[in-house]
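In: Give me coordinates for this.
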Amino acid sequence: MALLAVGTKAPDFTMRDTTGKEIKLSALKGNKVVLYFYPKDDTPGCTVEACEFRDYNKDIVKKGALVFGVSADDEKSHQKFTEKYKLNFPLLVDEGTKVSQKYGTWGEKSMYGRKYMGMLRTTYIVDEQGKIAHVFEKVKPLGHAKEVLAALEQ
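Out: Next up is the predicted model:
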């Protein structure tokens, strides 16, 4: 499935966060929402990305946005990752990759010539009306949170 285009309505979802609380996108209307899809908790690139969002979270919140990390890892994995790196934003559990598929972030990857299905590192900024305002595809973890902050300032 293709990535969502700027200006389209963001598909609604309900996912559990690190504490088991359900987060529903439509309930966040009125806020900007940063949804960053990442492959796996506590791996090198994902750790860099999460720690940068942690470090820039206060500035992102000042711009009226809420940050959510999304992966197919379970609650327990998210809890360990959050505690280990003192993350200050929720990680959401995408069970069965249903949400990632709706957002076009679940697709074919290849490593060492082997093809497999996995999470495509992608970030969406959803505006206050629930529409896609910005899409970052093929994200490089280092410096990404700063790119998101710059996009929120536009």
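In: In its sheet, which strands sit next to the one helix or strand in the chain whose mean pLDDT sits lowest, and in what direction?
Out: Least confident helix or strand, the chain: strand 106-111 with a mean of 88, by mean pLDDT, DSSP states H and E. Strand 106-111 pairs in its sheet with strand 114-119 (antiparallel), by DSSP bridges.
In: Show me how far the strand it pairs with is from its chain's centre.
Out: Between the centre of strand 114-119 and the centre of its chain there are 19 Å (Cα atoms, centre = their mean, to the nearest Å).
In: list the buried ones in it?
Out: With burial defined by 16 or more other Cβ atoms under 10 Å, the residues of strand 114-119 counted as buried are Gly118, Met119. Heads up, the C-betas are built off the backbone N, CA and C, glycines and all.
In: repeat for stretch 48-59
Out: Of all the residues in stretch 48-59, those buried under the rule 16+ other Cβ under 10 Å are Val48, Glu49, Ala50, Glu52, Phe53, Arg54, Tyr56, Asn57.
In: And stretch 32-48, by the same measure?
Out: Going by neighbour count (16+ other Cβ under 10 Å), the buried part of stretch 32-48 is 32-41, 45-48.
In: Quick check: helices, which of these are part of them?
Out: In this view, those that belong to helices under DSSP state H are Gly45, Cys46, Thr47, Val48.
In: Tell me if I'm right that the first one and Val139 touch.
Out: No - applying Cβ atoms under 8 Å as the test, Gly45 and Val139 come out as separate, 9.1 Å apart.
In: Find residues that contact each of the two.
Out: Counting by Cβ atoms under 8 Å, 6 or more residues apart in numbering, the residues touching both Gly45 and Val139 are Arg121.
In: any idea how far His78 is from Asp127?
Out: Applying Cβ to Cβ, to the nearest Å, the value for His78 to Asp127 is 26 Å.
In: With neighbour numbers in mind, choose between the two.
Out: Neighbour comparison, His78 and Asp127: the larger count goes to His78, with 23 against 18 (by other Cβ atoms under 10 Å).
In: For the more buried one, give me its contacts.
Out: For His78, the contact set (Cβ under 8 Å, 6+ apart) comprises Asp17, Thr18, Asp41, Ser71, Leu91, Leu92, Val93.
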